[in-house]
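Trainee: Give me coordinates for this.
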Amino acid sequence: MSGIVAPRFYLVGRLNTTCAIIFDAFRSAVRSMWRLPTSVEVQARGDRFLFTFSSKKDVNRVKRGGPWVYQRAMIILNDYHAGFLNIMYVPLDFVWIWVGIEGLK
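Mentor: As a prediction, this is how the structure comes out:
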């Protein structure tokens, strides 16, 4: 082995709900709705999730494709840089929303 580690890119998220979530169902739904060309790893960390991607393109696709909803709960996401901060301290108080306005000059 050469010891080369493939780059990883991360998002931290949580569901805006007080309802219990079945993790395996959530992980499967996220993978299905995001329709990424490469796989995404999903790990539960308390009431948060760590999403691990092998491509920055996939991260951007998820960020631009939202807002995302699972069982009527908004999935709140934010960027995360591994090793800098415990994911519990990553602010999750906004949602990326892209708006297009026709005819704006």
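
Trainee: So what's the residue count around the closest residue to Phe53 other than its chain neighbours?
Mentor: Nearest residue to Phe53, sequence neighbours excluded (Cβ to Cβ, 6 or more residues apart in numbering): Phe9, at 4.5 Å. Every residue, glycine included, has its C-beta placed from N, CA and C. For Phe9, the neighbour count with other Cβ atoms under 10 Å is 19.

Trainee: if I've got this straight, Lys63 is in a helix?
Mentor: Yes - counting by DSSP: H, G, I helix; E, B strand; the rest coil, Lys63 is part of a helix.

Trainee: residue contacts, it?
Mentor: Contact analysis of Lys63 by Cβ atoms under 8 Å, 6 or more residues apart in numbering lists Leu11, Leu77, Trp96.

Trainee: what about it, distance to Thr18?
Mentor: Distance of Lys63 to Thr18, computed by Cβ to Cβ, to the nearest Å: 25 Å.

Trainee: now swap in Ile75 and tell me
Mentor: 15 Å.

Trainee: ok, now Val69?
Mentor: 16 Å.
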